[in-house]
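*Asks:* got a predicted model here, sequence first, then my questions.
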Amino acid sequence: MFAEKIMVTKLVTAKENEPIADVIVRMHKHKLRMLPVLNEKQQVTGVISTFCVLSHIVPDYLISGDLNEISFAPDMGILRREYVKSSSKQVSEVMSTSPLFVKPNDSIISVSANLAGHGRHEYALVVDDEKHLLGVISSGDILDALEEHASEVNDA
Amino acid sequence: MHNAEVHQASVIFGLDPTWVAVTILLIVYAIIMAEKFNRAVLSLMGAGLMILCGVITQQQAVAGIDFNTIGLLTGMMVIVTISQKTGMFQYVAIKAAKAVKGSPWGILVMLSIVTAIFSAFLDNVTTVLLIAPVTLLITDALGVRPYPYLFAQIFSSNIGGASTLIGDPPNIMIGSAANLSFMDFILNLAPITPIIFLLTLGVIWFMFGRDLSATDEKKALIMQFNENEALKDISLLKKCLFVLATVIGGFSVAHSFHLEPATIAMFGAALLLLLQTFGQSVHEKDHAYEGVMAEVEWTTIFFFVGLFIIVTGVEHTGVIAMLGQKTIELTNGDFNATVGAILWVSAIASALIDNIPFVATMIPLVHSMADTFGGPEAIIPIWWALALGACLGGNGSLIGASANLIVAGFAQRAGHPIYFLQFMKHAFILMIMSIGVSHAYLYLRYLS
């Protein structure tokens, strides 16, 4: 079975120069946690996710040192302040620029291994050679395919 | 004597060993200063070249490695790696901030004291790595700019580190090379460092402290920090405090029992590793040991190994002893002037270059002066001058010490970058003041 068979092609995307606030509204509306980011030539340049935004608003000095737990600190309004600051930033400043790209003719076992092996990717972006977005495959899409097309998966 | 050995050794292409050795040293130091390559890799390359070019044999190279320094560093790194997981650094920092009821200047003083004390007994880099993020969190809560706090922290860590044998790598090297004990350092350096610390805080008050203010609401926020939450593992904390107390106690009496500090530190490290995992399964124990070993800064250890070999190579050619004699000639054999010269040259050099290679090179140079001034006992004030110059000189610029760069890294990530020249404008004057005070102290206590 190939990636293009199970990928979702009804796509919601974000533009590089959009404000974060608009993207958060769109993700909420479509109940999505991640949107592929496209440039002016409709090529994929990254992904913006709720996780990207949260990582961006948590001050870096809290997570980059050896200070792994800060249960001793009260809520000080830092996050709200940073959230407001981030809302007006452009998508390109916050997005992750290293998404997992796969080809339409990649096998499902290869896509699954990539998703499982990298740990930090929940989605694979199916793109052509010019990085144009063809579809998205989530780990859930693969599980659904295993359930629905049991016979075909065995053949692949 | 060394010269004779070298001329027997076969230097490649029949080159002059002095020039080969000095060229290797200068090139390695220059590339280390450029900071484009890892310093451990460079020093090991240089060490390898010393042997490959035939300046020294492998046996001579290995004999030149000061295993007392290596053992003390490694042992303390193991102890610190385990201790930092207990949250005791954060606990003390928050407790200190709350003790002054959230007053902005009070917090600056308290965090500086905490940093100085931790740096005196543990590694400076680890200390700032743990205190700087808490400082940023506190200044964020107070709504004050973090620069004065981080500036004071850099000075505190280097001044604290200068106070004891184990506070800063230059002191470890000097103590080992000159056979000076933990108590020698306490009795000779710890009387002056608190004075320098207080004077530095006084100047920082004039520079930044008097402008610091915070609303009562913000101060109340500081009081909401709960330091008890920072302590994650009380049983491990007890074990760490027990081993730290044992090790520091051991350092203070080691000399009377003819024990080297490395023995104490290594024993303490092994004891803490054992206690840390007491009662766990063999598999869990192995996992914990490997975790600690992986966090020991092996790059620093190998950097020292390589440096010791490079310096041994140069020392064998006799060129360092020659430089020592030149220094004495320059000061007309005047002991007071020599002590002063070592102090000031060490301070300026350490502000601009890594003080570890500098001190490694200075140690044989100072050793070579012993004959002129009447033996190893007579030159002890020169060792104190070297220690004060190298440790306090690190305050002179942002690149003067590793801890400075760590603090600058945090400042950058918190969105308040510390700029090289802006820092130097304030820091260099303060550093010169601290060296001036050290000079007066050395003069009054040992010279005159």
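*Replies:* Great, that's in hand.
*Asks:* low-confidence regions, the stretch 1-150 of chain B specifically.
*Replies:* Along the stretch 1-150 of chain B, the model assigns pLDDT under 70 to residues B:1-10, B:12.
*Asks:* can you give me the helices in it?
*Replies:* B:2-8, B:17-34, B:39-52, B:58-64, B:67-83, B:88-99, B:104-121, B:124-142, B:147-162 (DSSP state H, counting those that start in this stretch).
*Asks:* to B:L221, which of these lies closest?
*Replies:* Proximity to B:L221, assessed across those by C-beta to C-beta, is greatest for helix B:124-142 (4.8 Å). No exception for glycine: its C-beta is placed from N, CA and C like everyone else's.
*Asks:* just checking, what packs against the closest one?
*Replies:* Using 3 or more C-beta pairs under 8 Å, 6 or more residues apart in numbering or on different chains; DSSP states H and E, the elements in contact with helix B:124-142 are helix A:60-63, helix B:88-99, helix B:104-121, helix B:147-162, helix B:216-223, helix B:402-413.
*Asks:* what sits against B:V366?
*Replies:* Contacts for B:V366 (C-beta atoms under 8 Å, 6 or more residues apart in numbering or on different chains) come out as B:178, B:324, B:342, B:379, B:382-383, B:386.
*Asks:* let's have the residues you listed in CSV, adding neighbour count.
*Replies:* Shown next, in CSV, are the contacts of B:V366 (neighbours: other C-beta atoms under 10 Å in any protein chain shown):
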residue, neighbour count
B:A178, 20
B:G324, 21
B:I342, 27
B:I379, 23
B:I382, 25
B:W383, 26
B:L386, 29
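*Asks:* from these, which land in helices?
*Replies:* B:178, B:324, B:342, B:382-383, B:386 (DSSP state H).
*Asks:* which among those gets closest to B:L15?
*Replies:* Of the ones in helices among the contacts of B:V366, the one sitting nearest to B:L15 (C-beta to C-beta) turns out to be B:G324, at 24.0 Å.
*Asks:* ok, and the closest non-adjacent residue to that closest one?
*Replies:* B:S368 (3.7 Å; C-beta to C-beta, 6 or more residues apart in numbering or on different chains).
*Asks:* if we can go back for a sec, so which of the helices and strands packed on helix B:124-142 is nearest B:G250?
*Replies:* helix B:104-121 (12.7 Å).
*Asks:* mind checking how far the closest one is from the chain centre?
*Replies:* How far helix B:104-121 lies from its chain's middle: 17 Å, per C-alpha atoms, centre = their mean, to the nearest Å.
*Asks:* do the same with stretch B:200-219
*Replies:* 28 Å.
*Asks:* kindly report the same for stretch A:83-92.
*Replies:* The answer for stretch A:83-92 is 17 Å, by C-alpha atoms, centre = their mean.
*Asks:* work out for me the element the closest residue to B:A408 other than its chain neighbours sits within.
*Replies:* Using C-beta to C-beta, 6+ apart and skipping the chain neighbours, the partner closest in space to B:A408 is B:I418 (4.7 Å). Using DSSP states H and E, B:I418 falls within no helix or strand.
*Asks:* what residues does chain B have near chain A?
*Replies:* B:84, B:87, B:90-91, B:94, B:126, B:129-130, B:132-134, B:136-137, B:140-141, B:221, B:224-230, B:232, B:410, B:413-414 (C-beta under 8 Å from any C-beta of the partner chain).
*Asks:* thinking again about what came up before, just put the helices of the stretch 1-150 of chain B in TSV and tack on mean neighbour count and distance to B:A337.
*Replies:* TSV is the format used below for the helices of the stretch 1-150 of chain B (neighbours: other C-beta atoms under 10 Å in any protein chain shown; distance: least, C-beta to C-beta, whole Å):
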stretch	mean neighbour count	distance to B:A337
helix B:2-8	12	28
helix B:17-34	18	26
helix B:39-52	20	33
helix B:58-64	16	30
helix B:67-83	22	29
helix B:88-99	22	42
helix B:104-121	23	30
helix B:124-142	26	31
helix B:147-162	28	23
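*Asks:* mind putting those into JSON lines with distance to B:P261?
*Replies:* As requested, those are arranged in JSON lines below (distance: least, C-beta to C-beta, whole Å):
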{"stretch": "helix B:2-8", "distance to B:P261": "27"}
{"stretch": "helix B:17-34", "distance to B:P261": "27"}
{"stretch": "helix B:39-52", "distance to B:P261": "23"}
{"stretch": "helix B:58-64", "distance to B:P261": "19"}
{"stretch": "helix B:67-83", "distance to B:P261": "5"}
{"stretch": "helix B:88-99", "distance to B:P261": "23"}
{"stretch": "helix B:104-121", "distance to B:P261": "13"}
{"stretch": "helix B:124-142", "distance to B:P261": "17"}
{"stretch": "helix B:147-162", "distance to B:P261": "16"}
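*Asks:* tell me where chain A has helices.
*Replies:* Under DSSP H, chain A gives helices at A:3-6, A:20-30, A:50-57, A:60-63, A:78-87, A:91-94, A:108-118, A:139-148, A:150-155.
*Asks:* report the angle between the axes of the fifth one and helix A:50-57?
*Replies:* Looking back up the chat, that one is helix A:78-87. 110 degrees (axes from the mean of the first three to the mean of the last three C-alpha atoms, to 10 degrees).
*Asks:* next, the contact list for B:I348, please.
*Replies:* Per C-beta under 8 Å, 6+ apart, neighbours of B:I348: B:393, B:396.
*Asks:* surely it is within a helix?
*Replies:* Yes. According to DSSP: H, G, I helix; E, B strand; the rest coil, B:I348 belongs to a helix.
*Asks:* spatially central residue for chain A, please.
*Replies:* A:M34 (4.1 Å; C-alpha atoms, centre = their mean).
*Asks:* any regions of chain A where pLDDT drops low?
*Replies:* Ranges of chain A meeting pLDDT under 70: A:64-68, A:119-120, A:149-156.
*Asks:* follow-up on the earlier one: number of nearby residues for the residue nearest to B:A408?
*Replies:* By the criterion of other C-beta atoms under 10 Å in any protein chain shown, B:I418 has 21 neighbours.
*Asks:* do the one 3 residues further on as well
*Replies:* The number of residues packed around B:L421, counting by other C-beta under 10 Å, is 8.
*Asks:* just say helix, strand or coil for it.
*Replies:* Going by three-state DSSP: B:L421 is helix.
*Asks:* still on that earlier bit, between the helices of chain A, which gets nearest to B:P104?
*Replies:* helix A:78-87 (17.7 Å).
*Asks:* if we can go back for a sec, wouldn't the residue nearest to the centre of chain A be in contact with A:S49 here?
*Replies:* Yes. Between A:M34 and A:S49 there is a contact at 4.0 Å, judged by C-beta atoms under 8 Å.
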